[in-house]
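1. prediction below, plus the sequence it came from.
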Amino acid sequence: MNRRTLEETIFKLLMMISVCIVIGSLVIIFGLVIINGASSISIEMITQTPTPGNALGGGILNAIIGSLLLALPATGLACFIGIGIALYLQKEFTPVWFSNFIRFTLDVLWGVPSIVYGIFCLMIMIYLGMGSSLLVGIIALTLLEIPIITRYMDESIKLVPIGLKESSYSLGSTKFETAVRVVRKQAFPGILAGILLGLGRGIGDAASILFTAGFSNRIPGSLFDSTSALPTMIYNLYSLPSGQPKAYAAAFILLMIVLIISILSRILAKRFTKHVIR
Amino acid sequence: MKKSSINQIETKHLNVEFHNHPVIKDINIEIPAKQLTAIIGPSGCGKTTLLKSFNRLLEIQDDVKITGQIVVDGINIMSAGHNVPDIRKKMGLISQKPYPLPMSIFENVAYGLRIHHDKNAKELAENVQHCLQEVGLWNEVKDRLHDPASRLSVGQQQRLCLARAIAVQPEVLLCDEPTSALDPIAAQQIEKLLLKLKKDYTVILVTHTLRQAKRVADYVIFLYFGMVIEQGPADEFFNNPKNPETKAYLSGEIS
Amino acid sequence: MRKKLGNMNKRKIRDLIGTNLMLIGTLFASVLFFLIFILLFYRSALVLENTSIIDILFSSTWNPDNGQFGLAPIIIGTILVTGIALLIAIPISLLSAIYIAEYAPTKIRRMIRPFIDVLAGVPSVVYGLCAFLFLVPLVKDVIAPLFGVRTTGLCIFTAAVTLAVMVFPIIISLCVESFCAIPIALKEASLSVGATKWETVKKVVFRASSPSILAAILLGFGRAFGETIAINMVVGGIPVMPSSVFQPGETLASLIASKYGELMAIPLQESALMLVALILFVVVLLFNILGVFILRRAKKRWNY
């Protein structure tokens, strides 16, 4: 064997090892969460709120509902704002320098650690004299999700062929009509992927809602009640031996939600490509 | 030394399937050495596939099944145990659209040389100059050898690809419609080059323009739906085709 | 006569309203960007009045009760954790990406890619929990004794490995995407002068996708640098200068999470934490600017 083939063989081996490490870490994560989660999850765990006066008793229903109440409205809001921005970044609406500037700010905002969003919202919250609440948590998650969703939508809108837009314009459509009716439909699979990515990120993030949504043993009754969520519950309980079953159960449910989102985005991406012109 | 009448490449019962769909069906051809062989036929008839099977490039694609023999210089390259890069080194490839490597003009030509011989810098520079002169590019680029190759015009890029191919001293040049992406003048340059190069190399030219084949070919192979309909020396093929389908193709009735 | 279609006035008004709503959304994004920066700057002014920025960045004592806010140990901790994480993650991710994109049979490639996507979607708190359950005992009982060190397992090394695993999917999926986007003819060009597959990967594929690889690494860096919760769960959370990687430490982002409970008790500490958040923001900003410049240059040079 000469030097050239030897080099290739060595690197091939290293590649295999690397792939095994990556797959191995995935297996370990899923194994740990599923094994620990399965042993601590039960009907009571997911249908009850903590017993009054004892945060460690009862179930984690408050966190499940809390997570959904935080992430779903936040994703909806972020999606509404995001699609507006993404459509507006097209050439017809903005000069290129401005859209590139916006893209740059969005990229920075994407990179900003979620804890910074948390502390930013906390600051505003204190300034307005509010306490930690569902509302502030939703706002923090919305801010966190906007750059993700927008940039994802933007990338897929960029791929819409110019000829498609031109044919819409030549039928007499206005810019707004073309954006909302034609471009949005063509870019729909990408838009959907962006929304689901944002939802996944939002539902799993702990740092931004740690101070803003607070902690509560009850299901929030209004926007101004503080609420638990799955990620913050894991963070608060993981190191207490008596709290660990709840942390495991919460991690299990969280992982399942993430898995469902991932599978869903694959299925939907396939289904919604039917109107897409290639 | 091989005589020019010897066949450089022969295929025996060559079959190629993509995703269980046959593209090349039982092909037996002989390609003469140091001549220009044109492979013609309508688009989608398997010309490119046949060409790429000669240097075993098909294997990098997914789900390909190749059976049969390809004999190059008397050796079946399809049998196991060959060092595939060595086979490929013998055959340069010129693709439809020029694909310069993401490097400078100089490095593009030097790329193969650096891989195969650890030449010293002076020899390397001389070799690169020689190859660029061979394709008539030297005078155009000698002042900007270290510019990115992507800044050349498409025609220049195609000649650069040719220089890159001949730098490693192949025996065969596989040309896959090398003029189809070029303007008429650049295309003419490439055609002339191929005619010049056939003195030293066996040139196999895939083309879908009959006129080009008539202009340059010494030997012609006509492919239709993955099968060889007719093959033979160019005069005979064009002036006295035997097969009715060939006649129909030559007269433009099928395409 | 055919009926005249549509009411142009109504459509014009709708167009105007819609376009302006979109403009407001777009302005919101850039305003948010500046608002975060200005507010963090404004709130950290208090601590900057008391102590100079040089003192804060280079002093090594973090003791809020005495009004000492030396960030040096925390900055060192952040650099160590992020640096080690990237040192582990970059080679492993690149090698995996090449394998998946270039070497793996199609069937295996189709199987691995969804797994990588799932890995990318796992919340950081779950990474933290798994690291706490698996990695911490492993480091404590197996890895540290190998080096003859005693540790609780809650240390900089554990945090770095956790981060590395979190960064894998980011770098891998972006790199695989860019490797697969390289035209097959370019690889054929290299192969047909007799290069081996590895030589083609090394000299052509890497080069042609170098902008995307860089972008992927920068994104991975951003994730590692700003990660809060997972690190907070395994790094030990002690803001002193670490003497080895098996010592507990603290990172900038994790510090905010650790101290948020005391946030409002001492105004000066609150201000110091705002400064930490500001530093995070500025570093992310600087790296993004750097990324834009590098990408622009790389793209200009090779046009791929």
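-> In hand now; what should we look at? Residues are numbered from 1 along each chain as shown, chains lettered A, B, ... in the order given.
2. care to break chain C down by domain?
-> For chain C, automatic domain parsing gives the domain ranges C:8-32, C:53-302.
3. what ranges do the strands span in the stretch 1-150 of chain C?
-> Remark: strands assigned in the stretch 1-150 of chain C by DSSP state E, counting those that start in this stretch are C:62-63, C:68-69.
4. whoops, I mixed them up, chain B
-> Taking DSSP state E as the test, the strands found in chain B are B:7-18, B:21-32, B:36-40, B:64-72, B:75-76, B:91-94, B:172-176, B:202-206, B:219-224, B:227-233.
5. count of residues packed around whichever residue of chain B sits closest to chain C?
-> Closest contact between chain B and chain C, by Cβ to the nearest Cβ, is at B:Lys89 (2.8 Å). The C-beta positions use only the backbone N, C-alpha and C, and glycine is treated the same way. Around B:Lys89 there are 22 other residues, counting by other Cβ atoms under 10 Å in any protein chain shown.
6. chain A: which of the domains of chain C is closest?
-> domain C:53-302 (2.5 Å).
7. most tightly packed of the domains of chain C?
-> domain C:53-302 (a mean of 20; mean count of other Cβ atoms under 10 Å in any protein chain shown).
8. what's the neighbour count on C:Trp46?
-> You called it Trp, but residue C:46 is Leu. For C:Leu46, the neighbour count with other Cβ under 10 Å is 15.
9. contacting residues for the closest residue to it other than its chain neighbours?
-> Closest residue to C:Leu46 apart from its sequence neighbours, by Cβ to Cβ, 6 or more residues apart in numbering or on different chains: C:Ser271 at 3.8 Å. Counting by Cβ atoms under 8 Å, 6 or more residues apart in numbering or on different chains, C:Ser271 makes contact with C:Arg43, C:Ser44, C:Ala45, C:Leu46, C:Val47, C:Leu48.
10. related to what we said a few turns ago, got JSON lines for the strands of the stretch 1-150 of chain C, with distance to chain B and mean pLDDT too?
-> Output for the strands of the stretch 1-150 of chain C, formatted as JSON lines (distance: least, Cβ to the nearest Cβ, whole Å; pLDDT from 0 to 100):
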{"stretch": "strand C:62-63", "distance to chain B": "48", "mean pLDDT": "80"}
{"stretch": "strand C:68-69", "distance to chain B": "49", "mean pLDDT": "82"}
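11. what about these, which gets the closest to C:Glu250?
-> Of all the strands of the stretch 1-150 of chain C, strand C:62-63 sits nearest to C:Glu250, with 8.2 Å by Cβ to Cβ.
12. sheet partners, orientation included, of that closest one?
-> When pairing is defined by DSSP bridges, strand C:62-63 lines up against strand C:68-69 (antiparallel).
13. where's the strand it pairs with relative to the chain centroid, distance-wise?
-> 27 Å (Cα atoms, centre = their mean, to the nearest Å).
14. thinking again about what came up before, A:Thr5 is nearest to which of the domains of chain C?
-> Of those, nearest to A:Thr5 by Cβ to Cβ is domain C:53-302, at 6.9 Å.
15. so where do the helices sit in the stretch 51-200 of chain B?
-> Applying DSSP state H, counting those that start in this stretch to the stretch 51-200 of chain B gives helices spanning B:84-90, B:105-116, B:121-134, B:138-141, B:154-167, B:184-197.
16. most tightly surrounded among the ones you listed?
-> Most buried among the helices of the stretch 51-200 of chain B, given mean count of other Cβ under 10 Å as the contact rule, is helix B:154-167, at a mean of 24.
17. could you check the angle strand B:172-176 makes with that helix?
-> 150 degrees (axes from the mean of the first three to the mean of the last three Cα atoms, to 10 degrees).
18. name whatever forms a beta bridge with the residue lying closest to B:Leu50 once chain neighbours are set aside.
-> Spatial nearest neighbour of B:Leu50, excluding adjacent residues (Cβ to Cβ, 6+ apart): B:Ile24 at 5.7 Å. Here B:Ile24 sits in beta bridges with B:Val16, going by DSSP bridges.
19. give me the local confidence score for A:Leu171.
-> pLDDT for A:Leu171: 82.
20. please report how far C:Ser173 lies from chain B.
-> Distance of C:Ser173 to chain B, computed by Cβ to the nearest Cβ, to the nearest Å: 20 Å.
21. okay, and that residue sits in which element?
-> helix C:156-181 (DSSP states H and E).
22. how many other residues sit next to B:Leu57?
-> Neighbourhood size, B:Leu57 [other Cβ under 10 Å]: 24.
23. my guess is it contacts C:Val193. True?
-> No - here B:Leu57 does not reach C:Val193: they are 11.7 Å apart, not a contact under Cβ atoms under 8 Å.
24. before we move on, back to that, what about the residue nearest to B:Leu50, neighbour count?
-> There are 25 residues near B:Ile24, going by other Cβ under 10 Å.
25. so how far is B:Gly226 from it?
-> Shown here: B:Ile24 relative to B:Gly226, a distance of 5 Å by Cβ to Cβ, to the nearest Å.
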